[in-house]
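Peer 1: Provided below are the primary sequence and the corresponding predicted coordinates.
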Amino acid sequence: MKARTRPRIVVIYNRDFEGAEADPENKAREDVKEIADHIVRILSANGYEASGLGVTSDVTGALGELRALKPAAVFNLCESIQGDNRFESLLPLLLELEGIPYTGSEPFALSLALRKEKVKEILGARGVPVPQGSLVSAESDLPSLALRFPVIIKPAREDASVGITRASVVTDRAALDAGVLHILDQYRQPALVEEYIEGREIYVSLLGRVDGELQVFPFFEIDFSAMPADRPKIVSFEGKWVEDSVEYKGTRPVRCEGLSSDLRDKVAQTALDAFRSIGLRDYGRMDIRLSADGTPYVIDVNPNCDLSDLAGGFSRAAKAGGLSYKDVILRLMSLSLSRRAEGTPIPFAEPPSETDLEGESESLPTGGGFARAGVRRGGARSS
């Protein structure tokens with residue numbers, strides 16, 4: 001009998017991009033399979049027996065496959081079920097029930113992050129600066145809105161800039177009412193209306209350590225200098241996903257430079273406070289607007305943010321902080337395995353044969369053809 005030496009890992013991902021190619025917003029989901037393949041290769045080349053498992057609407061079937069595989073841990077890339085982000089927490093809930101550790105945030109934080117108005121309420125109560133805003137659930141709520149213009153209108157339950165266009169920033173009441181009604185009708189969900197913060201848009205990526213501390217990577221920001229004067233300086237859906245659009249060309253991610261040490265510390269502390277206030281785990285990214293008076297406003301909290309290699313904002317920030325893509329993936333794997341119940345044996349797999357290992361090495365091709373660098377501007381949890 002062969003000795004078992006490699007922990008078995010399953011990389012799960014959503015397959016709801018299949019059959020939805022006609023939907024232009026499907027771009028925010030379709031690359032997840034390629035990311036999963038890349039992660040499987042990295043894990044397989046670095047001491048694990050890894051395989052991928054795509055999740056369809058048959059969640060019960062996927063859970064049965066997981067039970068049969070008996071993984072030591074799951075690398076969780078499942079962001080939606082049947083194209084609905086509200087089910088992002090379903091697989092982690094089931095994994096909790098099965099006692100299988102997994103990467104990334106827990107179900108509560110994942111669900112909370114998709115209730116953007118609740119996130120802002122919690123952050124505001126914790127003293128984390130957020131824009132003033134209101135949730136509009138029905139047309140009858142419009143008369144009670146009292147915010148200073150300009151404002152930005154967003155779907156309250158989406159991510160990846162879905163539903164955000166050049167028309168999302170409005171300066172008068174008629175445009176505000178029209179924008180809210182569009183969200184209610186098109187996306188069948190409430191609209192979040194917030195005061196628009198003019199200023200630098202800074203992304204702060206954070207990665208956990210096994211000792212419980214959080215590593216803050218060097219900041220990146222969006223360079224809006226090439227954005228046409230008639231477009232608002234925001235990262236719209238086109239700016240993130242449509243590479244031949246003027247908005248894509250006008251939203252270039254660059255290293256954030258020119259901040260004083262005090263202001264840099266203030267931005268970093270704001271991101272740390274937001275991460276902890278919402279209860280994120282392992283990794284995440286905070287989107288911050290830095291106003292003219294130096295106030296860092298949190299405009300979005302992104303648990304389980306995009307993990308693509310070449311074009312992913314998180315990977316870009318990690319590399320600026322001295323960690324390779326492989327380093328990030330293996331750190332996340334270690335974090336999940338550290339949560340196995342004390343005394344619980346790790347399921348191992350058969351050691352690979354020489355044939356299995358042929359062609360594998362620790363220096364995998366960056367991207368490996370798995371991430372389209374010219375398309376993604378941050379992925380399913382944005383940048």
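Peer 2: Done, it's in. Please read all numbers here as calculations on a predicted model, not as lab measurements.
Peer 1: state the three-state secondary structure for Pro218.
Peer 2: coil (DSSP: H, G, I helix; E, B strand; the rest coil).
Peer 1: next, it: phi, psi?
Peer 2: Dihedral angles of Pro218 (phi, psi; degrees, to the nearest 10) stand at phi -50, psi 140.
Peer 1: where do the helices sit along this protein?
Peer 2: Assigned by DSSP state H, the helices in the chain fall at 32-44, 59-69, 90-98, 107-113, 116-125, 173-187, 237-241, 246-249, 261-278, 313-320, 325-337, 354-357.
Peer 1: tell me the mean pLDDT for the last one?
Peer 2: The average pLDDT within helix 354-357 is 40.
Peer 1: picking up where we left off before, which of the helices of the chain has the lowest average pLDDT?
Peer 2: Here the helices of the chain differ in mean pLDDT, and the lowest is helix 354-357 at a mean of 40.
Peer 1: just to revisit the earlier point, next, format the helices of the chain as a markdown table and append mean neighbour count.
Peer 2: Using the backbone N, CA and C atoms, a C-beta is placed for each residue, glycine as well. Conversion of these to a markdown table gives the following (neighbours: other Cβ atoms under 10 Å):
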| stretch | mean neighbour count |
| --- | --- |
| helix 32-44 | 22 |
| helix 59-69 | 14 |
| helix 90-98 | 18 |
| helix 107-113 | 20 |
| helix 116-125 | 18 |
| helix 173-187 | 16 |
| helix 237-241 | 24 |
| helix 246-249 | 18 |
| helix 261-278 | 18 |
| helix 313-320 | 23 |
| helix 325-337 | 20 |
| helix 354-357 | 9 |
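Peer 1: can you add distance to Ser205 and give the ones you listed back as JSON lines?
Peer 2: Shown next, in JSON lines, are the helices of the chain (distance: least, Cβ to Cβ, whole Å):
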{"stretch": "helix 32-44", "distance to Ser205": "16"}
{"stretch": "helix 59-69", "distance to Ser205": "29"}
{"stretch": "helix 90-98", "distance to Ser205": "21"}
{"stretch": "helix 107-113", "distance to Ser205": "15"}
{"stretch": "helix 116-125", "distance to Ser205": "18"}
{"stretch": "helix 173-187", "distance to Ser205": "28"}
{"stretch": "helix 237-241", "distance to Ser205": "16"}
{"stretch": "helix 246-249", "distance to Ser205": "21"}
{"stretch": "helix 261-278", "distance to Ser205": "9"}
{"stretch": "helix 313-320", "distance to Ser205": "4"}
{"stretch": "helix 325-337", "distance to Ser205": "10"}
{"stretch": "helix 354-357", "distance to Ser205": "33"}
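Peer 1: of those, which is nearest Ser225?
Peer 2: Ser225 sits nearest to helix 246-249 of all the helices of the chain, at 10.6 Å, using Cβ to Cβ.
Peer 1: any residues touching that closest one, and which ones?
Peer 2: Defining contact as Cβ atoms under 8 Å, 6 or more residues apart in numbering, one finds that helix 246-249 is touched by 166, 226-228, 231, 236, 238-242, 377.
Peer 1: ok, now with 10 Å
Peer 2: For helix 246-249, contacts defined as Cβ atoms under 10 Å, 6 or more residues apart in numbering pick out 165-166, 224, 226-228, 230-232, 234-243, 374-375, 377.
Peer 1: swap in stretch 209-216?
Peer 2: Stretch 209-216 is contacted by residues 204-208, 264-265, 267-269, 271-272, 275-276, 280, 282-284, 286, 317-318, 321-323, 331, 334-335, 337-338 when judged by Cβ under 10 Å, 6+ apart.
Peer 1: repeat that for stretch 93-102.
Peer 2: Stretch 93-102 is contacted by residues 10, 12, 59-60, 62-63, 66-67, 69-76, 78, 87, 89, 91-92, 106-108, 110-111, 281-282, 332, 335-341, 344, 347 when judged by Cβ under 10 Å, 6+ apart.
Peer 1: now the residue lying closest to Glu221 once chain neighbours are set aside: how far from Met286?
Peer 2: Using Cβ to Cβ, 6 or more residues apart in numbering and skipping residues adjacent in sequence, the residue nearest Glu221 is Cys256, 4.2 Å away. Using Cβ to Cβ, to the nearest Å, Cys256 is found at 13 Å from Met286.
Peer 1: which residues touch Tyr187?
Peer 2: Contacts of Tyr187 (Cβ under 10 Å, 6+ apart): 25, 154-158, 162-163.
Peer 1: try it again at 8 Å.
Peer 2: Contacts for Tyr187 (Cβ under 8 Å, 6+ apart) come out as 155, 157-158, 163.
Peer 1: now Ser80
Peer 2: Contacts of Ser80 by Cβ under 8 Å, 6+ apart are 14, 16, 29, 87-88.
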